[in-house]
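Novice: coordinates only, no sequence provided:
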């Protein structure tokens with residue numbers, strides 16, 4: 001699964017992804033950018 005890295009300004013594969021639930025109850029995926037190590041986030045089922 002890919003997410004947009006704000007630091008690299010490119011779509012990257014998510015390193016060590018984990019499923020989370022946002023405050024409004026919707027599912028999302030959170031992980032790290034494999035290039036720079038910044039947190040990346042993708043809304044929707046993983």
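Specialist: Nice, thanks for sending it over. Treat the numbers as computed from the prediction; the structure is a model and nothing was measured. Numbers count the residues shown, from 1 in each chain.

Novice: now do the contacts for the spatially most central residue of the chain.
Specialist: Among the residues of the chain, residue 41 comes closest to the average C-alpha position under CA atoms, centre = their mean, at 2.7 Å. With contacts defined as CB atoms under 8 Å, 6 or more residues apart in numbering, residue 41 is in contact with 3, 28-30. C-beta coordinates here come from the backbone N, C-alpha and C atoms, glycine included.

Novice: what pLDDT does the model give the residue lying closest to residue 1 once chain neighbours are set aside?
Specialist: Ranked by CB to CB, 6 or more residues apart in numbering and with sequence neighbours excluded, the top spatial neighbour of residue 1 is residue 14, at 5.4 Å. Here, the pLDDT recorded for residue 14 equals 96.

Novice: what bridges to residue 29?
Specialist: residue 19, residue 42 (DSSP bridges).

Novice: how near is it to residue 11?
Specialist: Separation of residue 29 from residue 11 (CB to CB, to the nearest Å) stands at 14 Å.

Novice: swap in residue 43?
Specialist: 14 Å.

Novice: can you give me the strands in this structure?
Specialist: 2-5, 10-13, 15-21, 27-32, 39-43 (DSSP state E).

Novice: tilt between the third one and strand 27-32?
Specialist: Using axes from the mean of the first three to the mean of the last three CA atoms, to 10 degrees, the direction of strand 15-21 lies 150 degrees away from that of strand 27-32.

Novice: buried residues in strand 15-21?
Specialist: Using 16 or more other CB atoms under 10 Å as the test for burial, strand 15-21 gives residue 17.

Novice: the first one now?
Specialist: Of the residues in strand 2-5, those buried by neighbour count under the rule 16+ other CB under 10 Å are 3, 5.

Novice: neighbouring contacts of that strand?
Specialist: 10-14, 29, 31, 33, 35-36, 38, 40-42.

Novice: let's see it at 6 Å
Specialist: Identification of contacts with strand 2-5 by CB atoms under 6 Å, 6 or more residues apart in numbering yields 11-14, 33, 38, 40, 42.

Novice: same check, this time on the second one
Specialist: If you take CB under 6 Å, 6+ apart as the criterion, strand 10-13 is touched by 2, 4-5, 33.
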